[in-house]
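Trainee: next one to model:
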Amino acid sequence: MVDDLRTRESLRRKALWALSHLMPGDLKAAEILDVLEDIDDQEHVELNRHLPRLDIDDARKAVLIERHSSGIRIVRESSIPQPWRERFLQASIGSTRLEDGLYAHDWEKFLSEWQAEMKRVDVHRAAR
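Mentor: As a prediction, the model looks like this:
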């Protein structure tokens with residue numbers, strides 16, 4: 001399941017990045033929206049089988065932010081429920097982190113950006 005989740009979230013991330021460069025109504029967006037809809041369908045089936053359905057607010061509440069001995073606020077990767085952990089990791093490829101955890105500000109920024117990305121997808125879908 002992890003490989004499927006990783007692959008799915010990698011594809012979603014690439015599609016979201018590609019969509020971010022297009023204006024609503026652009027014909028190139030239709031193909032990307034189809035990919036995102038396929039991913040959503042796959043996720044729906046997978047979540048019904050293996051994972052509880054957590055919306056973004058559930059994910060935000062589930063993750064404990066703690067203060068590292070260095071004074072930096074961190075989140076432990078293991079505390080982020082799936083599929084949110086994989087979404088965050090895919091969006092954070094190349095980001096720095098501490099050995100003990102991920103920067104809390106990166107987690108918070110990811111959640112904010114996710115909401116903006118989902119709004120952008122909705123605008124593209126409406127313009128389709």
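Trainee: how close does residue 17 sit to residue 11?
Mentor: 11 Å (C-beta to C-beta, to the nearest Å). C-beta coordinates here come from the backbone N, C-alpha and C atoms, glycine included.
Trainee: for the record, mean pLDDT for stretch 71-79?
Mentor: When pLDDT is averaged over stretch 71-79, the result is 96.
Trainee: which residues does the residue sitting nearest the centre point of the chain contact?
Mentor: For the chain, the residue sitting closest to the mean C-alpha position, by C-alpha atoms, centre = their mean, is residue 87 at 3.3 Å. Residues in contact with residue 87 (C-beta atoms under 8 Å, 6 or more residues apart in numbering) are 9, 12-13, 110, 114.
Trainee: any chance of a ChimeraX selection covering the buried ones in these?
Mentor: Provided next is the ChimeraX selection string for whichever of those are buried by 16 or more other C-beta atoms under 10 Å:
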select :9,12,13,110,114
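Trainee: show me which of the contacts of residue 87 is closest to residue 94.
Mentor: Residue 94 lies nearest to residue 13 out of the contacts of residue 87, by C-beta to C-beta, at 12.0 Å.
Trainee: now do the SS call for the closest one.
Mentor: helix (DSSP: H, G, I helix; E, B strand; the rest coil).
Trainee: chain neighbours aside, what residue packs nearest to it?
Mentor: Leaving aside its sequence neighbours, residue 13 sits nearest to residue 90 (C-beta to C-beta, 6 or more residues apart in numbering; 4.3 Å).
Trainee: shouldn't the one you found be in contact with residue 12?
Mentor: Yes: in this structure residue 90 lies within contact range of residue 12 using C-beta atoms under 8 Å: 7.5 Å.
Trainee: list the contacts of the residue nearest to residue 13.
Mentor: Residue 90 is in contact with 6, 9-10, 12-13, counting by C-beta under 8 Å, 6+ apart.
Trainee: let me have those residues in TSV, adding pLDDT and distance to residue 119 as columns.
Mentor: As requested, the contacts of residue 90 are exported to TSV (pLDDT from 0 to 100; distance: C-beta to C-beta, whole Å):
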residue	pLDDT	distance to residue 119
6	92	25
9	94	19
10	96	22
12	97	16
13	97	17
